[in-house]
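*Asks:* Provided below are the primary sequence and the corresponding predicted coordinates.
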Amino acid sequence: MSTHCERSSRFVVFSNKATDHTNCTDNHRSALSAPSAALFLIAVLIFVVGKCVALSATPADSVEAKTIFRKRCTVCHTFGKGVKVGPDLKGVTERRTREWLLRFIRASSSVIQAGDPIATKLFREFKQERMPDWSDLSPKQVVAILDYFAGDGPLQKEPDERDASTATAGEIEMGRQLFSGVTRLNYGGRPCHTCHSIRGGESKGGSLGPDLTGAYFKYRDAALTDFLRRPCFPREPESSASGYLTPQESFELKAYMAKAGGSIPIRPPASRNPANDYVNRTREERRIL
Ligand code: HEC
Ligand code: HEC
């Protein structure tokens, strides 16, 4: 499969847009005989479907997962705060298999009825209350909830609350691009560089605002995080826009300032935590998502 096609297939998986997938096969069809084109199409379909099934949560899914957890699960469950009506769900993705959890969450009553030993034991232990069957949640939604649990659920910090020293080289680089305007800010608005400079940055930035080389050390991590949650200057149209910086952008900018002001240790992209997959993606990939 050519690179073009791989890219398109991935695009299909992320965006669920069948159109690009069609383009992909069309491009190839011209170069292939009919039977091999059919085989190719089947191969692409298997590839795409396989990826879809294996697909873990996208950022939108994980936002939804948080909401579902808060609205539907916290009445009976805590995450790390002990037994409530049902068991504490912290660590549940380690003590049970994904397959079991997927079945149990969507239809615990039939899993219990079928005599599953773990379910039976839980049922006895928590017999004063039954868990409803969450059959209206799609498998994809349940997978997103499980990913959320695996990534430390509600104990997870917002991306901008991370300490700048945990930034990867990629995040610092993204911070530089956002600062200088090479990459556009998600909510639009003028790049920081229009009004601020950073020593050793691309070129001399604007001087309406102070030089930010020392900003990280002036504010320190938590105060700078807080500062970046609101525009630093009453600006139009940004001040009337729906948001200022996304938490991830805010983190990347903070990390870039921290790096510019002294040197913070740079870590390689670390974990396979699904929450970090988003973090380690390039801006282009994020836009596709
Ligand atoms: C009305 C209370 C109630 C609500 C709401 C509820 N649960 Fe439960 N849950 C329980 C009880 C009770 C158990 C123990 C098994 C049983 O008795 O059914 C349980 C068990 C579980 C287990 C197995 C835990 C383990 O240690 O293996 C998981 C996973 C789970 N629930 C997930 C969820 C999710 C996800 C939601 C929200 C979508 C949810 N629960 C909402 C009551 C609830
Ligand atoms: C339209 C011009 C403008 C833009 C664009 C701008 N700022 Fe500012 N910024 C200012 C001004 C002016 C101040 C000083 C405000 C004050 O002291 O009350 C400031 C202050 C700051 C400070 C505090 C500096 C200190 O030493 O106290 C930080 C941090 C900061 N801006 C970060 C940013 C970041 C990050 C961006 C890009 C997302 C950005 N700014 C975009 C004008 C701007």
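*Replies:* Ah, there it is. Please read these numbers as outputs of a predicted model, since none were measured by experiment. Numbering: from 1, shown residues only. Ligands and ions are numbered 1, 2, ... in the order given.
*Asks:* which bits of the stretch 101-250 of the chain sit near ligand 1?
*Replies:* Within the stretch 101-250 of the chain, the positions lying close to ligand 1 (Cβ under 6 Å from any ligand atom) are 101, 104-105, 108, 122-123, 126, 129-132, 134, 145. To be clear about C-beta, it is placed using only N, CA and C from the backbone, and glycine gets the same treatment.
*Asks:* Narrow these to just the buried residues.
*Replies:* If you count burial by 16 or more other Cβ atoms under 10 Å, the buried members of those come out as 101, 104-105, 108, 122-123, 126, 131, 134, 145.
*Asks:* Against ligand 2, how distant is the residue of the stretch 151-289 of the chain found nearest ligand 1?
*Replies:* Residue nearest to ligand 1 within the stretch 151-289 of the chain (Cβ to the nearest ligand atom): G153, separated by 10.2 Å. Remark: distance between G153 and ligand 2 (Cβ to the nearest ligand atom, to the nearest Å) = 30 Å.
*Asks:* same question, C76
*Replies:* 42 Å.
*Asks:* do the same with R230
*Replies:* 10 Å.
*Asks:* same deal with G209?
*Replies:* 3 Å.
*Asks:* Which ones, among the residues of the stretch 101-250 of the chain next to ligand 1, also lie beside ligand 2?
*Replies:* Of these, not one also sits near ligand 2 (Cβ under 6 Å from any ligand atom).
*Asks:* Filter the residues you listed down to the ones in helices?
*Replies:* 101, 104-105, 108, 122-123, 145 (DSSP state H).
*Asks:* What backbone torsions are found at the residue of the stretch 151-289 of the chain closest to ligand 1?
*Replies:* G153 has phi and psi values of phi 40, psi -140 when expressed as degrees, to the nearest 10.
*Asks:* The closest residue to N186 other than its chain neighbours - how many residues pack around it?
*Replies:* Leaving aside its chain neighbours, N186 sits nearest to T246 (5.0 Å; criterion: Cβ to Cβ, 6 or more residues apart in numbering). By the criterion of other Cβ atoms under 10 Å, T246 has 17 neighbours.
*Asks:* what pLDDT does G261 get?
*Replies:* pLDDT recorded at G261 is 86.
*Asks:* Who's the closest spatial neighbour of it, skipping the chain neighbours?
*Replies:* Y216 (4.6 Å).
*Asks:* need the contact list for the residue of the stretch 151-289 of the chain closest to ligand 1.
*Replies:* 69, 79-80, 89-90 (Cβ atoms under 8 Å, 6 or more residues apart in numbering).
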